[in-house]
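Asks: sequence-free structure coming up:
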């Protein structure tokens, strides 16, 4: 899905192809595929397989929480890209609403609040039939340009700048 845009500002650009070409460890391991990734909305999906299931044969809660964290963080990072502000998560509140055993999960993230120092994103995860399986809210901290996390400088858009 392409997003019509007359500007090349990061806020309006769809980064899904760039993200899919440079998936990191967790996203790659879980099979996350970005459908849309802008500063105003992020959509990603996961085809459920055996690696995603817990002992009862249903999707592990960690997948929901991780997927919620991923799409919210990507949206917040894309919003911060224009200001050169990297973001880090502060809170992830995930509610498990429906058990899922198979099919496609789709996560959609939308911003609730984007301030000078924090952002809050809301995420809904639906199953193959469009029913809500989980929902969550992530609060993120917008760092100053050049800030370090765990002893290393945070590079805004590092994955987006890879060829």
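Replies: Right, received. Where do you want to start? Just so it is clear, the model here is predicted, and its values are computed rather than measured. Numbering: from 1, shown residues only.
Asks: buried sites along the longest helix along the chain?
Replies: Ranked by residue count under DSSP state H, the longest helix found in the chain is helix 61-81. Using 16 or more other Cβ atoms under 10 Å as the burial criterion, the residues of helix 61-81 that qualify are 63-81. C-betas here are computed from N, CA, C, even on glycine.
Asks: all helices for the protein, in order.
Replies: So, for the chain - with DSSP H - the helices run 16-21, 25-30, 61-81, 158-161.
Asks: I'd like the distance from the longest one to the chain centre, please.
Replies: Taking the mean of its C-alpha atoms, helix 61-81 sits 3 Å from the chain's own mean (Cα atoms, centre = their mean, to the nearest Å).
Asks: what's the answer for the first one, then?
Replies: Centre-to-centre, helix 16-21 and its host chain are 12 Å apart (Cα atoms, centre = their mean).
Asks: Around residue 32, how many other residues sit close by?
Replies: 24 (other Cβ atoms under 10 Å).
Asks: what's the distance between it and residue 83?
Replies: 26 Å (Cβ to Cβ, to the nearest Å).
Asks: in this protein, which ranges drop under the pLDDT threshold?
Replies: 1-11, 156-163 (pLDDT under 70).
Asks: so what's the residue nearest to the spatial centre of it up against?
Replies: Geometric centre of the chain, nearest residue: residue 71, 1.2 Å, by Cα atoms, centre = their mean. Contacts for residue 71 (Cβ atoms under 8 Å, 6 or more residues apart in numbering) come out as 42-44, 107-109, 121, 123.
Asks: Could you do residue 147 as well?
Replies: Residue 147 touches 86, 153-154, counting by Cβ under 8 Å, 6+ apart.
Asks: Please report how far it lies from residue 74.
Replies: Per Cβ to Cβ, residue 147 is found 19 Å from residue 74.
Asks: same question, residue 94
Replies: 16 Å.
Asks: next one: residue 88
Replies: In this view, residue 88 and residue 74 are 13 Å apart by Cβ to Cβ.
Asks: rewinding a little: which residue sits closest to the residue nearest to the centre of the chain, ignoring its sequence neighbours?
Replies: residue 109 (3.9 Å; Cβ to Cβ, 6 or more residues apart in numbering).
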